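In: Only the shape, not the letters, is given here:
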Ligand SMILES: CC1(C)CO[C@@H](CC(=O)O)CN1
């Protein structure tokens, strides 16, 4: 029987107004995983896993307070789960003082891929740079070697663009211009026109994306001669939502026309095939359970998804990663005549065992295969879609590890011709 308890801390963004309040779906998802691992007699024999958590509202200051509260109040915690990038940056930087592994289910910032600053951080949420090898692969596939970049001036996009520039340089792809805007993209879009940009990679949050789309329409930077890459994790009808509230001067039809044919890349957070995962559930079994769970918290997903719905599998799998790592550590420590019961915040030996157990993680979860790079980044597949008549069509999957691009459908181009990456000057014969 599981009479003893292992304690972990959890920080979830739930009731804030700024940023990603993904804890709304991720906290219930994590609790489901806790229930599942605690019902397994082959996992953590003799121990129950208990999660002590609180709300960070995606605010780093509040997140730090929650962390100190979790760490200074007994019982001793063995690990921390964290969400937003801003909170995770604070928590992961401090956690090393307590030899604590931090596992983030919701942080996408490329800046977190840094073992000097965050020596004990692992993420089941992929870094935003996971899109870049996919973008390069698509560019090479269509023979585009001259591109432009349009980005919002936000840290996550700045560091993602730096990674994209490096990969483009390595692949012989010229970046003819890189435009950055804070809120109003009109001047940047004008500069794209001046540089005759045709293949444009866009990096911005969804509200800025609507402003860009309307500006593209107004300045005619769309249609058969242009290809836009947008981020794929906006909600499906993002291009026609909130136009009045956000004072977008284009109609739904104009937005839809400007959006026609654009490509998107996104990390796959939900396992794609219907295999049984480590919990015994298929991803569809998991979706049904999650939806029922959220309904209890008065989130009716048939009306709208709560924040974090897309990332909920990442939180579920994060708890499994913790349980599997602690399970492996228990057996390793027993060989050394030690036990997790003796873990204290200055017990570097056990911390080292927990770290190496987490580093060796590899299992099929509801979010797909869970494994980490040497920097603790989630290794993930990406999905490529194309907007056709206002709907996203799945076009392909890309696996960076094997450099394997699987096409599901042909990309479709207005007029049936693949757009060129530059104006072709036909010399007079
Ligand atoms: C795909 C997205 C929305 C990117 O931001 C993450 C939140 C963060 O990085 O702070 C959550 N998932």
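Out: Structure's in. What do you need? All figures in this text were calculated on a predicted structure; none of them were measured in a lab.

In: And the helices in the stretch 151-300 of the chain?
Out: Under the criterion DSSP state H, counting those that start in this stretch, helices of the stretch 151-300 of the chain are mapped to 155-170, 186-194, 206-219, 252-259, 283-296.

In: Give me the neighbour count for residue 199.
Out: Counted with other C-beta atoms under 10 Å, the neighbours of residue 199 add up to 23. Every residue, glycine included, has its C-beta placed from N, CA and C.

In: follow-up on the earlier one: closest to the ligand out of the helices of the stretch 151-300 of the chain?
Out: helix 155-170 (6.4 Å; C-beta to the nearest ligand atom).

In: For that closest one, buried residues please.
Out: 156, 157, 159, 160, 161, 163, 164, 167, 168 (16 or more other C-beta atoms under 10 Å).

In: Tabulate the residues you listed (TSV), appending distance to the ligand and pLDDT.
Out: Below are these laid out as TSV (distance: C-beta to the nearest ligand atom, whole Å; pLDDT from 0 to 100):
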residue	distance to the ligand	pLDDT
156	6	91
157	11	95
159	12	94
160	11	97
161	16	98
163	15	97
164	16	98
167	20	98
168	22	98
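
In: I figured residue 329 was touching residue 343, is that so?
Out: No - assessed by C-beta atoms under 8 Å, residue 329 is found out of contact with residue 343, at 9.1 Å.

In: Show me the common contact partners of the two, please.
Out: residue 350 (C-beta atoms under 8 Å, 6 or more residues apart in numbering).

In: what residues are up against the residue in the stretch 151-300 of the chain that the ligand sits nearest to?
Out: Residue nearest to the ligand within the stretch 151-300 of the chain (C-beta to the nearest ligand atom): residue 233, separated by 4.4 Å. By C-beta under 8 Å, 6+ apart, residue 233 lies in contact with 266, 267, 310.

In: Let me know the pLDDT of residue 414.
Out: Looking at residue 414, its pLDDT reads 88.

In: what's the burial count for it?
Out: Quick note: residue 414 (other C-beta under 10 Å) scores 13 neighbours.

In: Give me the phi and psi angles of it.
Out: phi -60, psi 130 (degrees, to the nearest 10).

In: and it, what is it in contact with?
Out: 223, 224, 260, 261.

In: Need the buried ones from these selected in ChimeraX.
Out: Applying 16+ other C-beta under 10 Å to these, the buried members can be selected in ChimeraX as follows:
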select :260,261
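
In: Pull the most distant pair out of the contacts of residue 414.
Out: Distance extremes for the contacts of residue 414: the farthest pair is 224 and 260 at 9.6 Å, using C-beta to C-beta.

In: Those residues of the protein touching the ligand, which are they?
Out: Within the chain, the positions near the ligand by C-beta under 6 Å from any ligand atom are 20, 22, 84, 85, 106, 107, 108, 109, 233, 311.

In: wait, what's in contact with the fifth one?
Out: Translated: residue 106. Residue 106 touches 13, 20, 22-23, 26, 82-85, 88, 125, 308, 311, 314-315, counting by C-beta under 8 Å, 6+ apart.

In: do residue 382 as well
Out: Neighbours of residue 382 in contact, by C-beta under 8 Å, 6+ apart: 130, 131, 133, 134, 265, 266, 267, 268, 397, 398, 400.

In: Look up the pLDDT of the last one for me, please.
Out: The one in question is residue 400. 90.

In: what about the closest residue to it other than its chain neighbours, distance to residue 152?
Out: In space, and not counting its chain neighbours, residue 400 is closest to residue 133: 4.5 Å by C-beta to C-beta, 6 or more residues apart in numbering. Shown here: residue 133 relative to residue 152, a distance of 22 Å by C-beta to C-beta, to the nearest Å.

In: Can you get me a residue count around residue 364?
Out: 16.

In: where do the strands sit along the stretch 101-250 of the chain?
Out: When assigned using DSSP state E, counting those that start in this stretch, the strands of the stretch 101-250 of the chain occupy the ranges 101-104, 121-123, 146-152, 174-181, 199-203, 227-231.

In: Can you say which of those strands is nearest to residue 56?
Out: Of all these, strand 101-104 comes closest under C-beta to C-beta, at 11.7 Å.

In: neighbouring contacts of that closest one?
Out: For strand 101-104, using C-beta under 8 Å, 6+ apart, the contacting residues are 79-83, 88, 91-92, 95, 112, 118, 120-125, 318, 321-322, 325, 351, 354-355, 358.

In: Identify those among those that sit within helices.
Out: Per DSSP state H, helices hold the following members of the contacts of strand 101-104: 88, 91, 92, 95, 318, 321, 322, 325, 351, 354, 355, 358.

In: The fifth one: neighbouring residues, count only.
Out: Applying other C-beta under 10 Å, we find 31 other residues in the vicinity of residue 318.

In: For the residue of the stretch 151-300 of the chain closest to the ligand, give me the pLDDT.
Out: 94.

In: Next up, the contacts around residue 297.
Out: Counted by C-beta under 8 Å, 6+ apart, residue 297 has contacts 24, 28.

In: Over to residue 188?
Out: Counted by C-beta under 8 Å, 6+ apart, residue 188 has contacts 150, 179, 180, 181.

In: which residue does the stretch 301-429 of the chain bring closest to the ligand?
Out: residue 311 (5.3 Å).
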